[in-house]
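Trainee: Need a 3D model of the sequence below.
(chains A, B, C and D)
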4 protein chains.
Amino acid sequence: MSTADETLASLTRQIREFSRERDWEQFHDPKSLILALVGEVGELAELFQWVPADEAVSQFEDVARRRRAGEEISDVLIYLLRLADVLGIDVAAAAAAKLEGSRARFDVANVRGVAPRKD
Amino acid sequence: MSTADETLASLTRQIREFSRERDWEQFHDPKSLILALVGEVGELAELFQWVPADEAVSQFEDVARRRRAGEEISDVLIYLLRLADVLGIDVAAAAAAKLEGSRARFDVANVRGVAPRKD
Amino acid sequence: MSTADETLASLTRQIREFSRERDWEQFHDPKSLILALVGEVGELAELFQWVPADEAVSQFEDVARRRRAGEEISDVLIYLLRLADVLGIDVAAAAAAKLEGSRARFDVANVRGVAPRKD
Amino acid sequence: MSTADETLASLTRQIREFSRERDWEQFHDPKSLILALVGEVGELAELFQWVPADEAVSQFEDVARRRRAGEEISDVLIYLLRLADVLGIDVAAAAAAKLEGSRARFDVANVRGVAPRKD
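Mentor: A predicted model of the protein is given here:
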């Protein structure tokens, strides 16, 4: 299976089809989908919570742990694409626009090596 | 701009490039990225929190609100792909495997029209 | 057991003691605690994700489900108080100040019956 | 103001009263409250996301930053207590029971100095 060229649009369609076949579209209102996404983000967070920050990458080079992380990341992605689909959002276009805006907003000359503060 | 064929791999590369140009890779350890992702999930949740569940789709047909939702979904997606990249995870392959597993686990004949309970 | 008069300060002390006895204070840096809290918020979200919004209260009148919800709410509370403790924050004073500020910010005459919008 | 003896029950009552005065109880179904809580958890996460893990405590000794953290922790606490109230859960009793269970489950002799793994 070659997945390097998997598109967001194709993955979105597969998830829609998966939901439709199970008659689960009735449960997929936006608020419910966000709660489901939060559930998966929670599982992702749990994998890393007690791992020392500077060992997180190396500890997850272990095959089994990397696969677990990949599963949780996928679960988040699946609910995120399902949410965009339900809202009629073209997530590829939205992400491209967001990146374009961020390139302008965070000018390399000004922010190089500096993490933006949120407070 | 045609984005319908945007791939996960290409978007991942753009985000990596964006981070590299700003010398922000030093901040992108997995735990920090998950916290950043949680921040964006929070902004997404706030958009919908007080909207009646059965009006969420229709209220977000408004152009400005749909764009806002698209921005927050994109922010979550960007941190999620960045996290996968930092961990060396092929997210397209992981998502394909996850969907394949879910198709087997949730057999249509057994789960049709029934939302799985988590308790 | 009478808990109606359980104070935030007393609960915070019990959690600190629990952590100390297990020599777990070493893991309780703020970022790790927030990730642990996110994990518990995720479990809380999962309990409600597919429940129709207008049935959530009634479905959780069931003794077993209410107990499950109480456990997840408690887990979130425990990590939240632990985080405040680690940061040297008097959460009772902070919450009192926040409520006081909200009373002033959301004047009853202006906001009665209107949910604040975040976008 | 002496807050050291602020009880969970009293804080819960104040939040209920605050909601009632604004006729906001109509918005406080469990799923909406969890989304609001997620929004506040997101703001809490953003404060810490790019702070080096081993500097988080010291950087937040700064008065202004500690106050910001206290505000976000309070926001999470307020929505959490409101959720418990709406569900008819005595959060003080639930937290006491949870701690009691954890004391038994994580026997000091077995877990001393070892962070439980979730994978």
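Trainee: all contacts plus neighbour counts: C-alpha atoms, from now on.
Mentor: OK.
Trainee: Contacts only, for residue A:78.
Mentor: A:12, A:15, B:95 (CA atoms under 8 Å, 6 or more residues apart in numbering or on different chains).
Trainee: From the residues you listed, list just the buried residues.
Mentor: A:12, A:15, B:95 (16 or more other CA atoms under 10 Å in any protein chain shown).
Trainee: who touches stretch A:98-110?
Mentor: Residues contacting stretch A:98-110 (CA under 8 Å, 6+ apart): B:15, B:18, B:21-22, B:71, B:74-75.
Trainee: Could you rerun that using 10 Å?
Mentor: Contacts with stretch A:98-110, where a contact means CA atoms under 10 Å, 6 or more residues apart in numbering or on different chains, come from A:92-97, A:111-112, A:116, B:11, B:14-15, B:18-19, B:21-23, B:70-75, B:78.
Trainee: State the mean pLDDT of that stretch.
Mentor: The pLDDT scores in stretch A:98-110 average 94.
Trainee: repeat for stretch A:41-50
Mentor: Mean pLDDT, computed over stretch A:41-50, is 98.
Trainee: Which helix or strand contains the residue nearest to residue A:70 when sequence neighbours are not counted?
Mentor: Spatial nearest neighbour of residue A:70, excluding adjacent residues (CA to CA, 6 or more residues apart in numbering or on different chains): residue B:94 at 5.6 Å. Using DSSP states H and E, residue B:94 sits in helix B:91-105.
Trainee: So which bits of that helix are buried?
Mentor: B:91-96, B:98-99.
Trainee: which one among those residues gets closest to chain A?
Mentor: Checking those against chain A with CA to the nearest CA, the nearest one is residue B:95 at 4.8 Å.
Trainee: residues contacting that closest one?
Mentor: A:3, A:6, A:11, A:70-78, B:101.
Trainee: any idea how far it lies from residue B:73?
Mentor: The spacing between residue B:95 and residue B:73, counted by CA to CA, to the nearest Å, is 17 Å.
Trainee: cool, and residue A:116?
Mentor: Distance from residue A:116 to residue B:73, by CA to CA: 20 Å.
Trainee: Mind giving me the ChimeraX command for buried ones among the contacts of residue B:95?
Mentor: Buried subset of the contacts of residue B:95, written as a ChimeraX selection, criterion 16+ other CA under 10 Å:
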select /A:3,6,11,70,71,72,73,74,75,76,77,78
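Trainee: Save the contacts of residue B:95 as CSV, and put in secondary structure too.
Mentor: Listed next are the contacts of residue B:95 as CSV, based on DSSP: H, G, I helix; E, B strand; the rest coil:
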residue, secondary structure
A:3, coil
A:6, coil
A:11, helix
A:70, helix
A:71, helix
A:72, helix
A:73, helix
A:74, helix
A:75, helix
A:76, helix
A:77, helix
A:78, helix
B:101, helix
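Trainee: Pick the one among the contacts of residue B:95 closest to residue D:37.
Mentor: For these, the closest approach to residue D:37 (CA to CA) belongs to residue A:76, at 18.7 Å.
Trainee: So that closest one sits against residue A:37, correct?
Mentor: Yes: between residue A:76 and residue A:37 a contact is recorded at 5.5 Å, counting by CA atoms under 10 Å.
Trainee: buried ones in the helix or strand residue A:9 falls within?
Mentor: With secondary structure defined by DSSP H and E, residue A:9 is part of helix A:8-21. If you call a residue buried by 16+ other CA under 10 Å, then helix A:8-21 has these buried ones: A:8-9, A:11-12, A:14-16, A:18-19, A:21.
Trainee: just stretch A:41-55 next, same as before
Mentor: Judged by neighbour count using 16+ other CA under 10 Å, the buried positions of stretch A:41-55 are A:41-53.
Trainee: Is it possible to get CSV of the residues you listed that adds distance to residue D:106 and secondary structure?
Mentor: Shown next, in CSV, are the buried residues of stretch A:41-55 (distance: CA to CA, whole Å; DSSP: H, G, I helix; E, B strand; the rest coil):
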residue, distance to residue D:106, secondary structure
A:41, 25, helix
A:42, 22, helix
A:43, 21, helix
A:44, 23, helix
A:45, 21, helix
A:46, 17, helix
A:47, 19, helix
A:48, 20, helix
A:49, 18, coil
A:50, 16, coil
A:51, 19, coil
A:52, 21, coil
A:53, 24, helix
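Trainee: Chain B next: which of those are close?
Mentor: By CA under 10 Å from any CA of the partner chain, the members of these lying near chain B are A:41-42, A:44-45, A:47-53.
Trainee: Farthest pair within those residues?
Mentor: Once CA to CA is applied, those give A:41 and A:52 as the farthest pair, at 19.0 Å.
Trainee: okay but residue A:79 is in contact with residue A:34, surely?
Mentor: Yes: contact criterion CA under 10 Å: residue A:79 and residue A:34 qualify, at 7.6 Å.
Trainee: Can you pull the residues that touch both of the two?
Mentor: A:28, A:40.
Trainee: The two: who's more crowded?
Mentor: Neighbour count, other CA atoms under 10 Å in any protein chain shown: between residue A:79 and residue A:34, residue A:34 has more, with 27 against 22.
Trainee: and that one, what helix or strand is that in?
Mentor: Remark: residue A:34 resides in helix A:30-48, with elements defined by DSSP H and E.
Trainee: Much appreciated, bye for now.
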